[in-house]
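**Student:** how would this look folded up:
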Amino acid sequence: MNVPIVEPAPVVLKYAEVFRDVFKDRRQFEHFRNYLTGLMVLEDKSLSNIARCIVDSADKTNISRFMSESPWLGKKVNDVRIGMLLQESKRYSRPSDESALIVDDTLCEHVGTLFDYVDRHYNHGDGSYPYAHNLVTSHYVSGKVCFPVDFHLYRRYDECTEWEKFVEKHFPGRQIPTQKKQRQKLHKEVDPVLLQDAEFAKLHAQFKTKIELASELLEQADAHYLPFGVVLFDGWYLSPDFVKAIEEQAKDWVSILKKNRNLETNSFVLKDASDNPISLPGPHIKVEDLVPLIPASAYRRIEVKGKSYWSFARNLRIPGLDKVRIVISFANAELTGTYVVLVTNRIDWSTELILSTYLRRWPIETFYQDGKGHLALDEYRMRNAEAFQKHWVLVFVAYSFLHLDCLHSSFDTKSALPLKSIGEACRQQATTLIQSLILSVHHRLSDGDSIATVFHHLFAKQSLFFSP
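**Tutor:** The predicted structure follows:
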């Protein structure tokens, strides 16, 4: 949709009022409502196109200042959003022991290096290293209710500390390798010298790993009083430090277990098809080396949400972690193709419960898809860090408004998920705005305005002038 917009989207009119006190004046609040509307219904969601299509919007420069200079705080907006969501979605939520917090990250890819903090990050999907911002997020799931909670921008150590600049300063002429192993070797050699530089040491102290960011997201979820009992994440975040942070909050956790992780062989017994113990070499064995040794008879067929899995479960120890329960699961009785390995601290949980719990992680993937596909999570053109982080905050708000609309549309159904998708909700908002446009034209013509005057009013900013 790129036709004139004469009023904010219906869901924005319905839910935005609770945010009014976050902004210091009426103009900021109008920028807020207009930007959310543009994110939801415009195909081109750039600042210039939002200014061009929304009839009563300020120009691009004013919207740009709203994003990069206005003194409203993204954190305050986010706090209000979460409080509103918890209140509005209460009737759809499940008990805390059936609710989860998910932690994951996604890339917002860009062309070029003109953005603050942009760097090359590894893309797990295709093995490439695009220029991108790496967004680490938390997501709340409770029955039909699912929404993003908070985010942090992950910055690679070399970018955060301006490492190459300091290497050139202290080791002039030293060639900096691009290969990972050689670069790590150089780090070990030069970093002790660089840390003697007070400026570098200050930047070094600001660096945070993804594990540290994930732990902060966990603390923030607790500060929001989100009721959940389990934390879900992929193998990248499975570390003793993050597990410790989770268990200090008395929460459970389920994670993907990477296939190259070691298992302690003296912590479990594996038997063959004849029920004889299998001798396992060494004190440790990798998951990928264990799987071929497990007899087919050890797998059990289970059904989760109408789908069958063939799974093997065992309690054991993993170096750096306490005793855990792992589940190795195939999608077919022949035990062929890829398999998934899950791990949890709940050694008393059944295989069915572990699998069904981890499947609750999927909404964060659909949020990334919807956020990028419908709400421009990764399509911003602001280069200033404050501006694009405020953009992320407003994408979270837009998604939340639409999610509430989807929830309310399925209030009287017993469906496990909202019947309406985020994409459908966006299209419905656009359709309603077209109706509002038609009614606006009708009222102005009825009041005596000429067709030329009405068209000039609606299309003046789109360079389609009509002389009255």
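
**Student:** can you check the pLDDT for residue 455?
**Tutor:** According to the prediction, residue 455 has pLDDT 86.

**Student:** thought residue 53 was touching residue 34?
**Tutor:** No: the pair residue 53 / residue 34 is not scored as a contact, 9.6 Å apart, by C-beta atoms under 8 Å. In short, each C-beta sits where N, CA and C put it, glycine included.

**Student:** who does the spatially most central residue of the chain form a beta bridge with?
**Tutor:** Nearest residue to the geometric centre of the chain (C-alpha atoms, centre = their mean): residue 137, 4.2 Å. Beta-bridge pairing for residue 137 (DSSP bridges): residue 104, residue 151.

**Student:** wait, it touches residue 101, no?
**Tutor:** No: using C-beta under 8 Å, residue 137 is not in contact with residue 101; the gap is 10.8 Å.

**Student:** shared neighbours of the two, anything?
**Tutor:** residue 149 (C-beta atoms under 8 Å, 6 or more residues apart in numbering).

**Student:** how far is stretch 340-358 from where the chain is centred?
**Tutor:** Relative to the centre of its chain, stretch 340-358 is centred 23 Å away, using C-alpha atoms, centre = their mean, to the nearest Å.

**Student:** pull the CA atoms of it into PDB?
**Tutor:** Provided in PDB are the C-alpha atoms of stretch 340-358 (Å, rounded to 0.1, in the frame of the first residue of the first chain):
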ATOM      1  CA  VAL A 340      18.200 -33.300  16.800                       C
ATOM      2  CA  VAL A 341      19.800 -33.500  20.200                       C
ATOM      3  CA  LEU A 342      18.100 -31.700  23.100                       C
ATOM      4  CA  VAL A 343      19.500 -31.200  26.600                       C
ATOM      5  CA  THR A 344      17.800 -30.000  29.800                       C
ATOM      6  CA  ASN A 345      18.500 -29.700  33.500                       C
ATOM      7  CA  ARG A 346      15.200 -31.500  34.300                       C
ATOM      8  CA  ILE A 347      16.400 -35.100  34.500                       C
ATOM      9  CA  ASP A 348      12.900 -36.100  35.700                       C
ATOM     10  CA  TRP A 349      11.100 -34.900  32.600                       C
ATOM     11  CA  SER A 350       9.700 -37.400  30.000                       C
ATOM     12  CA  THR A 351      10.900 -37.300  26.500                       C
ATOM     13  CA  GLU A 352       7.500 -36.100  25.300                       C
ATOM     14  CA  LEU A 353       7.600 -33.200  27.800                       C
ATOM     15  CA  ILE A 354      11.200 -32.200  26.700                       C
ATOM     16  CA  LEU A 355      10.300 -32.200  23.000                       C
ATOM     17  CA  SER A 356       7.000 -30.400  23.400                       C
ATOM     18  CA  THR A 357       8.600 -27.800  25.600                       C
ATOM     19  CA  TYR A 358      11.400 -27.000  23.200                       C
END
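
**Student:** give me the element the residue sitting furthest away from the middle of the chain is part of.
**Tutor:** Here the chain reaches farthest from its C-alpha mean at residue 448, the gap being 50.4 Å by C-alpha atoms, centre = their mean. Counting by DSSP states H and E, no helix or strand carries residue 448.

**Student:** what's the answer for the one 10 residues further on, then?
**Tutor:** When secondary structure is defined using DSSP H and E, the element that contains residue 458 is helix 451-459.

**Student:** now for that helix, which elements pack on it?
**Tutor:** helix 422-446 (3 or more C-beta pairs under 8 Å, 6 or more residues apart in numbering; DSSP states H and E).

**Student:** got the CA positions of the lowest-mean-pLDDT helix or strand in the chain in CSV?
**Tutor:** Least confident helix or strand of the chain, by mean pLDDT, DSSP states H and E, is helix 451-459 with a mean of 87. Written as CSV, here are the backbone C-alpha positions of helix 451-459 (Å, rounded to 0.1, in the frame of the first residue of the first chain):
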residue,chain,number,x,y,z
ILE,A,451,-12.0,17.4,-6.9
ALA,A,452,-8.8,19.3,-7.7
THR,A,453,-8.6,20.7,-4.2
VAL,A,454,-9.1,17.3,-2.6
PHE,A,455,-6.5,15.7,-4.9
HIS,A,456,-4.0,18.5,-4.3
HIS,A,457,-4.4,18.0,-0.5
LEU,A,458,-3.9,14.2,-0.7
PHE,A,459,-1.2,14.0,-3.2
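
**Student:** in it, what counts as buried?
**Tutor:** For helix 451-459, burial by neighbour count (16 or more other C-beta atoms under 10 Å) applies to 454, 455, 456, 457, 458, 459.

**Student:** what's the angle from it to helix 422-446?
**Tutor:** If you take axes from the mean of the first three to the mean of the last three C-alpha atoms, to 10 degrees, helix 451-459 sits at 150 degrees to helix 422-446.

**Student:** still on that earlier bit, which one among the buried residues of helix 451-459 gets closest to residue 180?
**Tutor:** Ranked by distance to residue 180 (C-beta to C-beta), these are led by residue 459 at 54.0 Å.

**Student:** give me the nearest residue to that closest one, chain neighbours excluded.
**Tutor:** Spatially, and ignoring its direct neighbours in sequence, residue 459 is nearest to residue 4 (6.5 Å; C-beta to C-beta, 6 or more residues apart in numbering).

**Student:** check contacts around that neighbour.
**Tutor:** 53, 54, 55, 437, 458, 459, 462.

**Student:** give me the phi and psi angles of it.
**Tutor:** Torsion angles at residue 4 (phi, psi; degrees, to the nearest 10) stand at phi -60, psi 140.

**Student:** go on, residue 273?
**Tutor:** The phi/psi pair for residue 273 (degrees, to the nearest 10) reads phi -60, psi -20.

**Student:** burial measure for the residue lying closest to it once chain neighbours are set aside, as a count.
**Tutor:** Distance criterion C-beta to C-beta, 6+ apart; nearest residue to residue 273, sequence neighbours excluded, is residue 295 at 4.3 Å. A count of nearby residues for residue 295, using other C-beta atoms under 10 Å, gives 14.

**Student:** any idea how far residue 295 lies from residue 88?
**Tutor:** Separation of residue 295 from residue 88 (C-beta to C-beta, to the nearest Å): 52 Å.

**Student:** got it, and residue 220?
**Tutor:** 20 Å.

**Student:** so which of the contacts of residue 4 is the closest to residue 338?
**Tutor:** Residue 338 lies nearest to residue 53 out of those, by C-beta to C-beta, at 45.5 Å.
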